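K.L.:
give the three-dimensional model of this entry:
(chains A and B)
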Amino acid sequence: MIRNYIKIAWRNAMRQKQFTILNILGLSIGISTCFIIGLYIHSEMTYDTFHEKGERIYRINQPNIWDDWNEKSSNTGANVAIALREDAPEFEEVTRLFRTGTQIVRTNTDALANLHKEEHYFAAEENFFDIFSFQFLQGNPKTALSEPMSMVMTITTAKRYFGDQNPIDKTVEVKSDDGSWETYTVTGVLADVPYKSHIQFNILVSLKSFSDQLRVHDWKWIWTAFSTYGLVKEGTDIQAFTDRIQAIPPKWAPPTTQRIFNQTFKEFTAGHDWSLYLQPLKEIYLSESPAMHSFGPTGNPMFVKIFGAIGLLVLVLSSINFMNLSTARSSKRAKEIGVRKVLGSKRRTLIKQFVLESTLFVLIGTIFALLFVQLSLHIFNTIANVQLDLIPYLGNPLFLGILLLFILGLGLISGSYPAFYLSMFQPVETLKGKVSAKFRGKGIRNGLVIFQFTISIALVICTLFVQKQLVYTSSLDLGFEKDNILQIHNIEQIGFDTEALKTTFAMNPAFSKVGKSFGLPPNIWSGDRYKTLESENQVVQLRNVRTEEDYLDVLGVQFIAGRNFDSSRSNDKYKVILNEEAVKALGWGALETYTTDSPIGKKIALASGREDQFEVMGVVKNFNINSVQQKIAPLVIIHHQNDKVWDYGTGLSYYSMRLNPAVIKNANDLQALIEGVKENITQIDPSVPFEYSFMDQNFESTFIAEQRMGVILSIFTLMALIIACLGLFGLAAFTAEQRIKELGIRKVLGAKVSELAFLFSSEFTKLILISIAFASPIAYLLVNEWLKDFAYRTPIDIWVFILAGISALVITLLTVGFQTLKAASSNPIENLRME
Amino acid sequence: MLLQLKNVSKWVQSGGQNVFLLKDINFWVNEGDFISIMGPSGSGKSTLLNIIGMLDHFNEGTYTFLEESVHSLKEKHRANLYKQYIGFVFQAYHLIDELTVKENLEMPLLYKKQGSSERKALVADMLDRFNIVGKKDLFPSQLSGGQQQLVGVARALIASPKLILADEPTGNLNSKQGDEIMGIFKELNKEGVTIIQVTHSEKNAAYGSRVLNLLDGCIEC
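P.N.:
Numbering: from 1, shown residues only, chains lettered A, B, ... in the order given. Next up, the predicted model:
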């Protein structure tokens, strides 16, 4: 019997090629979209799963004590780990990773040829590999980091420095802050870090190499350059454990706050809880906060949610298509059903037959989908910047099992409605051909079409708004002109005296302005705690950046009070410039009050108990120091030579140059200029790696995730739209068949082709209009929610909805247009003939 | 003379051969005629009727309708011609199921772009004339076959055509209903409407003034 069913299914499929193609195409698109999204989500959700003890590893997070206490940070002080070892016996091991910042590394054999800037460079404690299972190729994980000045590196990094030589026991040199070179010994070589790891390193050095700093530093609880990880003992009650460790900061931190800020613990936290949070390892990559300050990539849980929802919806859409098309063509099957029933087939048998048939369709659709996914995955990988691969899954019995369940499930679900519907026919009616005359289920089919288009149109509206927001944000007024600014990095490597270099740049006619800074928008993150003289106890968090006066000219920021630094006045270097936000944050009012109560001449001081006070000499109009997703933070601009602020002489520095468009006319000029600048730097110090960037591009790149999301969303929206259109096309074909007689009568009675076309398509237009009505408020809510992430939001304009609606209508009319014209222009005699 | 067919032939290709549906038809109709086309199944009766109704094409010969050469007219003109002068009655009524009796009657007027008040008047006239005022808001499925065909005839008449073409108008009716429809045709004919009907029944043919016998696509061959 099954053979008979398959034979019938096959012949039916062949006989109605159009429906078969539409069905399989729609299903394949739906299933492949669902697969790709499934692979993506699976990949996002399985970060950091390769560690053997992964289930027991937790990262200890705490509030961001330097900025917003309500924000969680993965950065803790150096001594959180020390305290946990002492007071939290539930931890089998506690380890620390220390952010050393980017380092310059060279092999001591050949200084110039083998010098690299290493960004993925951290210091780890010796028990790091007792917790994490990074694969060692050479060396002993137990002892590799137990000595000061020892270093492990990945195989790719090792090849870069040593070629095919055995790196073990070889030495490399790392440039220190004062410009001297420190020697490290390679004690281990690791396999390259799997890409699905939130810790991405090329080089790890032993934390003991920094033992001097660790020993003398008073700042042990506020020196938040560490991430702390712990391995809990088996069977630990995490909730109770978490509750218990909350006692640690109040017990351990007070000496630090006293010593540094002259504040009690309570004064320091100002009413906030200094909590310690245990975050399971497998949640680190995808958790929303603390997303910043990680050691590698972080995912966005919102994207996973959005894409998961889209994947599911697209699958639902294609199943609906399948159901719609199957029931629609049922009138053609009615006779077969009638005959089968007359010949004694039970309803159950018929249902079985149709479910089997739809399962076959799903199977074929799935096979096509797998092929399609395999062929298109690399494109998706490039667009989404992921590394998905289908092949490993095909050998995975769990995946194959899920696949089988998926096929059977989808076959059953999408086959059940047609099956029940078709098997309901009364044999006598079907044999008389009456089914098509009073064809039922139209309401349901229309409902399904409305559902499909509601989703598609909502997606279209959302996609349009994502694009609109991206355009909006990239064209926002940042408070300065971000275009045409060339930025040269690694200036700190040259040493502090860079006047010679500046003179060279300033003489170059290609640059209209040149200025040095110790930070670049949109990446000015460093901040400190300041206080005013009026209220000793009120501490304000301000971002700070060191610049020279010319840098503010390069940016072209506006002064709304006071003036810029002046290098000819030696006192200026101990004065500071604030932005409007900072004035507000310090409680000195807004622009309107400057005339009566000017902030100029007032003084601020670091909250860390030092005596030095800095006079405010200027206030600049707010400008964006971070991505426009963030509100502009209060900022204090410190003179680059101010040696009374603790970080004097440290940190990365940059030269920024505004290009002169009269000289730099095209890409070739720019290329030549960059080559020239490289030459200038090499002449001064060949060990300085040459790196440059453009400020506008850096601002662009703050939206890379959103841009990617925009592209991916567009693709999936297109998929959903194609599926909906396929369904509509099939339904139009079916309706044309149903109504051909009516259209024939109308034509005989004098209707023009155009009138018939209008009549026919108006039915579908009605459905689309209803869909637009449903989709608009849904899309509005979604867009509104999404925009909440941005400090600057594009207005939710009505025209976008209208545009989406009109596009949907046009697409609909084009889709049904072919059927419309076919139906309207056919000869009525053909259709009115009695069988 | 209302219309004239001269040497009209129609054929289709089948298995590489021309199969004649109509062969060398010569035939004319005067205004006021009531003609019955008879013949066995497959003799080409309906094809001839469709050609007369300008719904179908022919391969050879000429067709003149009210001095216009139908065979050389463009599709659009031809459509205008039959819209203006011809009404159709079908064996299966071909009423539109989704429309009420009143709306079914109104449809041809809509396509002739007549004004609303005029349409109302004409529909009311028709309902009155065929005694179906009480049924005006019913749907076709709520009527008997005879009543449906009554609506079909009324719809054919509403645009005051010169010629009514009826393809087995009583084929789906019982004899009483059939007689009623034929009676109406007779009366219409008396009022000056030209009627051409296709029929199997000698009895119905007798209502007409002239009978055309068709056999294998030929008249009297």
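K.L.:
contacts only, for the spatially most central residue of chain A.
P.N.:
Using C-alpha atoms, centre = their mean, the residue of chain A that lies closest to the mean C-alpha position is A:Ala705, 4.0 Å off. By C-beta atoms under 8 Å, 6 or more residues apart in numbering or on different chains, the contact list for A:Ala705 reads A:Asn300, A:Phe303. C-beta coordinates here come from the backbone N, C-alpha and C atoms, glycine included.
K.L.:
what pLDDT does it get?
P.N.:
Confidence at A:Ala705, expressed as pLDDT, is 80.
K.L.:
I'd like to know how far it sits from B:Val153.
P.N.:
72 Å (C-beta to C-beta, to the nearest Å).
K.L.:
likewise for A:Leu821?
P.N.:
With distances taken as C-beta to C-beta, A:Leu821 is found 32 Å from B:Val153.
K.L.:
neighbour count for the two, which is higher?
P.N.:
The residue with more neighbours, out of A:Leu821 and B:Val153, is B:Val153; 22 against 16, by other C-beta atoms under 10 Å in any protein chain shown.
K.L.:
how about the host helix or strand of that one: buried residues?
P.N.:
Element membership for B:Val153, per DSSP states H and E: helix B:145-157. In terms of neighbour count (16 or more other C-beta atoms under 10 Å in any protein chain shown), helix B:145-157 has its buried residues at B:Gly146, B:Gln147, B:Gln148, B:Gln149, B:Leu150, B:Val151, B:Gly152, B:Val153, B:Ala154, B:Arg155, B:Ala156, B:Leu157.
K.L.:
which residues does B:Leu157 contact?
P.N.:
By C-beta under 8 Å, 6+ apart, the residues touching B:Leu157 are B:Gly87, B:Met126, B:Ile164, B:Leu188, B:Val193.
K.L.:
err, A:Ser227, not the other one
P.N.:
A:Ser227 makes contact with A:Arg59, A:Ser74, A:Asn75, A:Thr76, A:Arg96, A:Leu97, A:Arg99, A:His293, A:Phe295 under the criterion C-beta under 8 Å, 6+ apart.
K.L.:
also A:Ser423?
P.N.:
By C-beta under 8 Å, 6+ apart, the neighbours of A:Ser423 are A:Ile337, A:Arg347, A:Leu350, A:Ile351, A:Phe354.
K.L.:
element containing the first one, please.
P.N.:
With elements delineated by DSSP H and E, A:Ile337 resides in helix A:330-342, which encompasses its position.
K.L.:
tell me what that helix is packed against?
P.N.:
For helix A:330-342, the elements it packs on are helix A:347-384, helix A:397-423, helix A:427-432, judged by 3 or more C-beta pairs under 8 Å, 6 or more residues apart in numbering or on different chains; DSSP states H and E.
K.L.:
adding mean pLDDT and distance to A:Ser32, write those out as JSON lines.
P.N.:
Converted to JSON lines, the helices and strands packed on helix A:330-342 look like this (pLDDT from 0 to 100; distance: least, C-beta to C-beta, whole Å):
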{"stretch": "helix A:347-384", "mean pLDDT": "88", "distance to A:Ser32": "4"}
{"stretch": "helix A:397-423", "mean pLDDT": "84", "distance to A:Ser32": "13"}
{"stretch": "helix A:427-432", "mean pLDDT": "63", "distance to A:Ser32": "37"}
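K.L.:
next, format those helices as TSV and append distance to A:Leu787.
P.N.:
Shown next, in TSV, are the helices and strands packed on helix A:330-342 (distance: least, C-beta to C-beta, whole Å):
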stretch	distance to A:Leu787
helix A:347-384	22
helix A:397-423	35
helix A:427-432	54
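K.L.:
would you state the helices of the stretch 151-300 of chain A in chain order?
P.N.:
With DSSP state H, counting those that start in this stretch applied, the stretch 151-300 of chain A shows helices at A:155-162, A:211-216, A:238-245, A:248-252, A:254-261, A:265-269, A:281-284, listed in chain order.
K.L.:
now those helices as a markdown table including mean neighbour count?
P.N.:
Converted to a markdown table, the helices of the stretch 151-300 of chain A look like this (neighbours: other C-beta atoms under 10 Å in any protein chain shown):
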| stretch | mean neighbour count |
| --- | --- |
| helix A:155-162 | 18 |
| helix A:211-216 | 12 |
| helix A:238-245 | 14 |
| helix A:248-252 | 18 |
| helix A:254-261 | 18 |
| helix A:265-269 | 17 |
| helix A:281-284 | 20 |
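K.L.:
any chance of TSV for the ones you listed, columns distance to B:Ile25 and mean pLDDT?
P.N.:
Formatted as TSV, the helices of the stretch 151-300 of chain A follow (distance: least, C-beta to C-beta, whole Å; pLDDT from 0 to 100):
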stretch	distance to B:Ile25	mean pLDDT
helix A:155-162	90	92
helix A:211-216	112	80
helix A:238-245	96	93
helix A:248-252	107	91
helix A:254-261	112	84
helix A:265-269	106	85
helix A:281-284	87	89
